[in-house]
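In: Give me a model of this one.
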Amino acid sequence: MNRYSTFWRRFWAEWIDVLIFLPWFLAHHFVLKHPPKAAVLICWVTLYFLVLRGYKVVLHARFGQTAGKAVTRIRVMNIAEDRLPSIKQAFLREIGSIILSACTLGYWIYLITTHNFTAKARLASIFLSILFKLDFGWIVMEFVTMMTNKRRRAIHDFIASTVVVRTTIELATVVGLSSSAPLDSQTAI
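Out: Numbering: from 1, shown residues only. Model prediction:
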């Protein structure tokens with residue numbers, strides 16, 4: 001089996017990570033339905049986006065995989081496949097999502113501070129509609145890019161100089177590795 005044949009594993013890894021975050025999404029939905037005072041709401045939405053975006057950045061830099069990737073036995077490696085991605089590479093892998101989230105967060109803070117943070121205002125927003133379309137477009141470009149090269153690298157892999165490979169090692173076995181630690185030949189099989 002090709003070590004770069006990871007499309008379905010990546011697909012299921014994303015869904016597993018979504019399931020892990022389901023309680024977080026539900027808490028966020030509850031807060032939005034019953035918004036607290038403006039300052040608390042701003043802190044909440046900021047924390048919400050930091051946790052969502054930080055999850056992948058931190059886990060990719062520390063372990064080379066999220067929980068979903070560990071379950072589906074894939075790992076993010078640097079382009080040479082001799083070490084885990086650095087924190088910079090992990091950040092760059094998520095730069096598209098981080099930029100879109102930062103725009104959404106900025107707009108939500110604007111709505112909160114102008115006392116227009118209502119469900120109707122969020123749903124009717126042309127700005128948010130554009131952001132959602134950009135997000136969808138990014139996902140499509142990721143898929144197309146991944147399917148058009150031998151190592152199945154998506155746009156974010158090219159941006160960060162990373163590659164995703166199949167592995168037999170699970171998250172629990174790499175706890176002692178740092179992003180700069182060299183990996184032996186058995187780690188990324």
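In: CA atoms for contacts and neighbours, from now on please.
Out: Noted.
In: Secondary structure element holding the residue most central in space within the chain?
Out: Centroid-nearest residue in the chain: Lys56, 4.8 Å away (criterion: C-alpha atoms, centre = their mean). Per DSSP states H and E: Lys56 is located in helix 38-63.
In: name the helices or strands packed onto that helix?
Out: Helix 38-63 sits against helix 87-93, helix 95-113, with contacts defined as 3 or more C-alpha pairs under 8 Å, 6 or more residues apart in numbering; DSSP states H and E.
In: do you know which of those lies nearest Phe25?
Out: For Phe25, the closest of those is helix 95-113, at 14.7 Å, according to C-alpha to C-alpha.
In: mind checking how far the closest one is from the chain centre?
Out: With C-alpha atoms, centre = their mean, to the nearest Å as the basis, helix 95-113 stands 16 Å off its chain's centre.
In: hmm, who's touching it?
Out: Residues from elsewhere that reach helix 95-113, judged by C-alpha atoms under 8 Å, 6 or more residues apart in numbering: 38, 41-42, 45-46, 49, 53, 117, 128, 131, 135, 138, 156.
In: would you turn the residues you listed into CSV with distance to Arg10 and neighbour count?
Out: Formatted as CSV, the contacts of helix 95-113 follow (distance: C-alpha to C-alpha, whole Å; neighbours: other C-alpha atoms under 10 Å):
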residue, distance to Arg10, neighbour count
Ala38, 38, 16
Leu41, 33, 19
Ile42, 32, 19
Val45, 27, 19
Thr46, 27, 17
Phe49, 22, 16
Arg53, 17, 18
Phe117, 35, 19
Leu128, 27, 18
Leu131, 23, 16
Asp135, 18, 16
Trp138, 16, 16
His156, 13, 23
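In: From Ile79, how far out is Asp135?
Out: 25 Å (C-alpha to C-alpha, to the nearest Å).
In: Repeat that for Thr113.
Out: Distance from Thr113 to Ile79, by C-alpha to C-alpha: 44 Å.
In: Who has more neighbours out of those two?
Out: Applying other C-alpha atoms under 10 Å to Thr113 and Ile79 shows that Ile79 carries more neighbours, namely 17 against 13.
In: hang on, the earlier thing: next secondary structure element downstream of the helix holding Lys56?
Out: Heading C-terminal from helix 38-63 (DSSP H and E), you reach helix 67-71.
In: residue contacts, His156?
Out: By C-alpha under 8 Å, 6+ apart, the contact list for His156 reads 92-96, 142.
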